[in-house]
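Asks: Task: produce atomic coordinates for the following.
(2 chains)
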Amino acid sequence: SQQGEEDPQALSIQEGENATMNCSYKTSINNLQWYRQNSGRGLVHLILIRSNEREKHSGRLRVTLDTSKKSSSLLITASRAADTASYFCATVPGPISSGSARQLTFGSGTQLTVLP
Amino acid sequence: DAGVTQSPTHLIKTRGQHVTLRCSPISGHKSVSWYQQVLGQGPQFIFQYYEKEERGRGNFPDRFSARQFPNYSSELNVNALLLGDSALYLCASSRDYGQAAVGQPQHFGDGTRLSIL
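Replies: Just a heads-up that it's a prediction; the model follows:
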């Protein structure tokens, strides 16, 4: 079953605009990760934020995490046509024990289209 | 370095048949995980292997099985295929497992597209 939901399911913007995607999850986490998937291909890791962090930046990406609301957001600034893809949040359950599986639980994804 | 490689890239089977999918992790990575991604949904966890032992299993029937070899490559086997098994099967690798792996991203292959007729 899916851990949570991404919102919106689809987003269409013009090149140069900012894109914001939201993710909600249900259970306690150790960390939350964002991945990008280009049409039918594998997932590419974008950024990881730990449960004790509130905000993280990587290039044009900004991720926030609110554990009290069990939600996260991904902001892509100055979007480009090449950013067109599906974006997924994925959670790793917490707490991590030495013998626990490190499975990722994914949301349902946001399809981002950046128009030139 | 080569990324995670999966074979074959596409596969067409009929109901009731059996299929074997293969995955080679990034060199030095000892943990391999398998995910199923049905069209329009996020990936769902099937198995995780580390040092040739199963370390985690998702909510999938016993028709699904996997193994990991001494060179850390892995196979996913699915028996008695159903129409609902049509999906993109993704393999992911990471260097470590458990506490040691916290903070390590998983590296995904491009997947095997399985179609059941």
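
Asks: burial measure for the residue nearest to A:Arg60 when sequence neighbours are not counted, as a count.
Replies: In this structure, A:Arg60 finds its nearest non-sequential neighbour in A:Thr77, 4.8 Å apart by CB to CB, 6 or more residues apart in numbering or on different chains. For the C-beta atoms, the positions are set from N, CA and C on the backbone; glycine is no exception. Neighbours of A:Thr77 under the rule other CB atoms under 10 Å in any protein chain shown: 14.

Asks: again, but for A:Ala81
Replies: Neighbour count of A:Ala81, defined by other CB under 10 Å: 11.

Asks: ok, it - contacts?
Replies: By CB atoms under 8 Å, 6 or more residues apart in numbering or on different chains, the residues touching A:Ala81 are A:15, A:114-116.

Asks: now A:Thr113
Replies: A:10-13, A:84.

Asks: and of those, the nearest to A:Asn22?
Replies: A:Leu11 (10.4 Å; CB to CB).

Asks: Would you mark the buried spots in the helix or strand bottoming out on mean pLDDT in chain B?
Replies: Lowest by mean pLDDT, DSSP states H and E among the helices and strands of chain B is strand B:53-57, with a mean of 91. Neighbour counts over strand B:53-57 (16 or more other CB atoms under 10 Å in any protein chain shown) mark B:55-57 as buried.

Asks: what about that strand and chain A, touching?
Replies: Yes - shown here: strand B:53-57 in contact with chain A (CB under 8 Å from any CB of the partner chain) through B:55-56.

Asks: continuing past that strand, what's the next helix or strand?
Replies: Heading C-terminal from strand B:53-57, the first helix or strand you meet, by DSSP states H and E, is strand B:64-68.

Asks: what helices or strands is the helix or strand following that next one leaning on?
Replies: The helix or strand immediately downstream of strand B:64-68 is strand B:74-78, counting by DSSP H and E. Under the contact criterion of 3 or more CB pairs under 8 Å, 6 or more residues apart in numbering or on different chains; DSSP states H and E, strand B:74-78 touches strand B:19-24, strand B:31-37, strand B:44-50, strand B:64-68, strand B:87-94.

Asks: what's the first one in contact with?
Replies: Okay, so that is strand B:19-24. Strand B:19-24 is contacted from outside by B:2, B:4-8, B:11, B:13, B:32, B:34, B:73-78, B:81, B:89, B:91, B:93, B:109, B:112, B:114, using CB under 8 Å, 6+ apart.

Asks: let's go with 6 Å and repeat that
Replies: With CB atoms under 6 Å, 6 or more residues apart in numbering or on different chains as the test, strand B:19-24 has contacts from B:5-7, B:13, B:73-78, B:89, B:91, B:112.

Asks: just curious, which of these is nearest to B:Gln44?
Replies: B:Tyr89 (10.6 Å).

Asks: The least confident helix or strand of chain B packs against which elements?
Replies: Packing contacts for strand B:53-57, counted by 3 or more CB pairs under 6 Å, 6 or more residues apart in numbering or on different chains; DSSP states H and E, involve strand B:44-50.

Asks: Quickly run through the sheet partners of the strand it packs on, with directions.
Replies: Neighbouring strands of strand B:44-50 in its sheet, by DSSP bridges, are strand B:31-37 (antiparallel), strand B:53-57 (antiparallel).

Asks: re earlier: among the buried residues of strand B:53-57, find me the one that's closest to chain A.
Replies: Each of these was scored against chain A by CB to the nearest CB, and B:Gly56 proved nearest at 2.6 Å.

Asks: Identify the bridge partners of the closest one.
Replies: Going by DSSP bridges, B:Gly56 forms beta bridges with B:Gln48.

Asks: Centre-most residue in chain B?
Replies: For chain B, B:Trp34 is the residue whose C-alpha lies nearest the centre (CA atoms, centre = their mean; 2.6 Å).
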